[in-house]
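1. Quick check, what structure comes out for this input:
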Amino acid sequence: MAPGYDADLALLDPARRFTVRAAESPSGQGYTPFEGQELTGRVTATFLRGALVYDGQRVVGPARGRYVARPDSAPGASSP
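-> You can find the predicted model right below:
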């Protein structure tokens with residue numbers, strides 16, 4: 001990291017405990033195999049290219065990603 005460069009960072013509170021709840025997740029899945037489990041260690045903020053995108057409770061600002069198409073097959077793979 002250095003001034004003027006982009007940075008992708010996640011800040012973590014390693015002592016923070018929480019219970020996993022699908023209803024509280026920003027994921028569109030609507031379920032999690034970890035439902036009801038208590039975990040330790042929670043992300044408190046995420047920065048993408050130096051800009052805050054997650055404030056510990058919600059996604060902040062507009063979407064900044066872009067779709068990257070997956071190749072039809074892995075390099076060097078042969079067709080059956």
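
2. What are the contacting residues of stretch 30-37?
-> Residues outside stretch 30-37 that contact it (CB atoms under 8 Å, 6 or more residues apart in numbering) are 19, 20, 21, 22, 25. C-beta coordinates here come from the backbone N, C-alpha and C atoms, glycine included.

3. If we use 6 Å, what do you get?
-> 20, 22 (CB atoms under 6 Å, 6 or more residues apart in numbering).

4. could I have that stretch exported to PDB, CA atoms only?
-> This file holds the C-alpha atoms of stretch 30-37, laid out as PDB (Å, rounded to 0.1, in the frame of the first residue of the first chain):
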ATOM      1  CA  GLY A  30     -31.700 -16.800   0.700                       C
ATOM      2  CA  TYR A  31     -30.100 -19.700   2.600                       C
ATOM      3  CA  THR A  32     -26.800 -20.700   4.200                       C
ATOM      4  CA  PRO A  33     -25.600 -24.100   5.400                       C
ATOM      5  CA  PHE A  34     -24.200 -22.300   8.400                       C
ATOM      6  CA  GLU A  35     -27.600 -21.000   9.600                       C
ATOM      7  CA  GLY A  36     -27.700 -20.600  13.400                       C
ATOM      8  CA  GLN A  37     -24.000 -21.300  13.900                       C
END
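
5. Quick check: the most centrally placed residue in the chain vs residue 9, distance?
-> By CA atoms, centre = their mean, the chain has its centre lying nearest to residue 46, at 8.2 Å. Counting by CB to CB, to the nearest Å, the gap from residue 46 to residue 9 is 7 Å.

6. got the end-to-end distance for stretch 4-23?
-> 38 Å (CA to CA, to the nearest Å).

7. how far out from the middle of the chain is that stretch?
-> 8 Å (CA atoms, centre = their mean, to the nearest Å).

8. related to what we said a few turns ago, assign the residue nearest to the centre of the chain to helix, strand or coil.
-> The three-state label given to residue 46 by DSSP: H, G, I helix; E, B strand; the rest coil is strand.

9. Right, I'll leave it there.
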